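> here is the input, now give the coordinates:
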Amino acid sequence: FAVFVGIESPDTDTLVMTQKKQNTRRSLQQSIATIHGAGIFVNAGFIVGFDSEKGSVAAGMIDCIEDTAIPVCMVGLLYALPTTQLTRRLLTEGRLFSDDEQTQSGDQCTAGLNFETKRPRRDVLNDYRTVLRAIYEPTAYFGRVRRLGRMLRRRRAHRMIRGDLRSFVRLLFRIHRAGPGTTRQFWRMLLDCALHNPKALPYVVMTSALYLHLGPFARQVIDNIDQEIARLDRGHWHPPALQKEPAEPALQPA
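Just a heads-up that it's a prediction; the model follows:
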């Protein structure tokens with residue numbers, strides 16, 4: 001009942017550069033609506049920090065997420081993974097950092113940007129922070145869940161199993177801990193789904209349960225990014241050493 005879609009960015013130049021031209025040949029909003037209309041909800045991936053970003057990308061990314069009503073968006077900072085085309089290009093350009101404690105984990109949320117960015121690093125981090133804060137604010141998140149609940153068209157009702165009721169009760173006890181305003185938005189969304197599309201209720205409940213992790217985790221990541229921006233502003237952040245492209249072996253005389 002769910003599918004992951006790597007949207008990456010709403011920017012056409014970025015999609016072409018990352019060889020995701022298939023995302024430029026159709027309306028993202030219409031494509032996502034078609035999947036929702038088939039009874040499948042979408043989890044999506046987005047990345048901040050591409051070389052092709054001409055300026056701030058936060059507003060465009062937030063608008064794309066809101067327009068498509070995708071509740072669960074895995075937004076990360078660009079990370080150059082080993083043996084990829086991106087890593088080889090950055091190494092050739094002399095922009096790839098050597099491994100250090102911050103970047104070797106491969107965690108795109110708190111340790112991305114393991115290279116010299118084209119845009120000022122602070123601007124990229126600020127965009128990332130802005131997107132996370134906007135999309136995981138309770139009103140925004142449950143607003144997308146509410147719209148998703150209206151769009152999902154399930155042909156058959158969900159078959160309840162013994163653990164479903166227990167999980168729902170556990171969710172009710174824990175939802176208020178996910179942040180201020182969460183409980184009110186959750187009940188508003190649940191009532192809307194019950195009135196307009198009751199077959200989708202089990203799926204919006206599942207998506208709501210994900211917020212028990214996503215809401216607090218997003219705030220934790222934002223705190224980490226705030227600290228990194230503060231270090232940049234104070235001049236306390238220094239980039240790791242750059243990797244050097246290995247020299248070609250010398251030809252041996254015959």
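
> mind checking how far T139 is from P10?
Distance, T139 to P10, by CB to CB, to the nearest Å: 22 Å. In this view, the C-beta of every residue, glycine as well, is placed from N, C-alpha and C.

> same deal with Y141?
Relative to P10, Y141 is positioned 19 Å away (CB to CB).

> any chance you could map the helices in the stretch 151-254 of the chain?
For the stretch 151-254 of the chain, the helices defined by DSSP state H, counting those that start in this stretch cover 162-174, 182-196, 201-234.

> shouldn't F142 be within a strand?
No. Under DSSP: H, G, I helix; E, B strand; the rest coil, F142 sits outside any strand and is assigned helix.

> thinking it is in contact with M189, fair?
Yes. Between F142 and M189 there is a contact under CB atoms under 8 Å: 4.5 Å.

> any common contacting residues for the two?
S208 (CB atoms under 8 Å, 6 or more residues apart in numbering).

> any idea which of the helices of the stretch 151-254 of the chain scores lowest on pLDDT?
Lowest mean pLDDT within those: helix 162-174, at a mean of 83.

> let's see it as PDB, backbone CA atoms only.
Output of helix 162-174 as PDB, limited to C-alpha atoms (Å, rounded to 0.1, in the frame of the first residue of the first chain):
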ATOM      1  CA  ARG A 162      -5.700  -8.500  16.600                       C
ATOM      2  CA  GLY A 163      -2.800  -6.100  17.000                       C
ATOM      3  CA  ASP A 164      -4.400  -3.200  15.100                       C
ATOM      4  CA  LEU A 165      -6.600  -2.100  18.000                       C
ATOM      5  CA  ARG A 166      -3.700  -2.400  20.400                       C
ATOM      6  CA  SER A 167      -1.500  -0.300  18.200                       C
ATOM      7  CA  PHE A 168      -4.200   2.300  17.800                       C
ATOM      8  CA  VAL A 169      -4.700   2.600  21.600                       C
ATOM      9  CA  ARG A 170      -0.900   2.900  22.000                       C
ATOM     10  CA  LEU A 171      -0.900   5.700  19.400                       C
ATOM     11  CA  LEU A 172      -3.600   7.600  21.300                       C
ATOM     12  CA  PHE A 173      -1.500   7.500  24.500                       C
ATOM     13  CA  ARG A 174       1.700   8.600  22.800                       C
END
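
> for T182, give its distance to V221.
Counting by CB to CB, the gap from T182 to V221 is 17 Å.

> swap in E93?
Distance from E93 to V221, by CB to CB: 28 Å.

> equivalent analysis for L171, please.
Distance from L171 to V221, by CB to CB: 23 Å.

> right, I'll leave it there.
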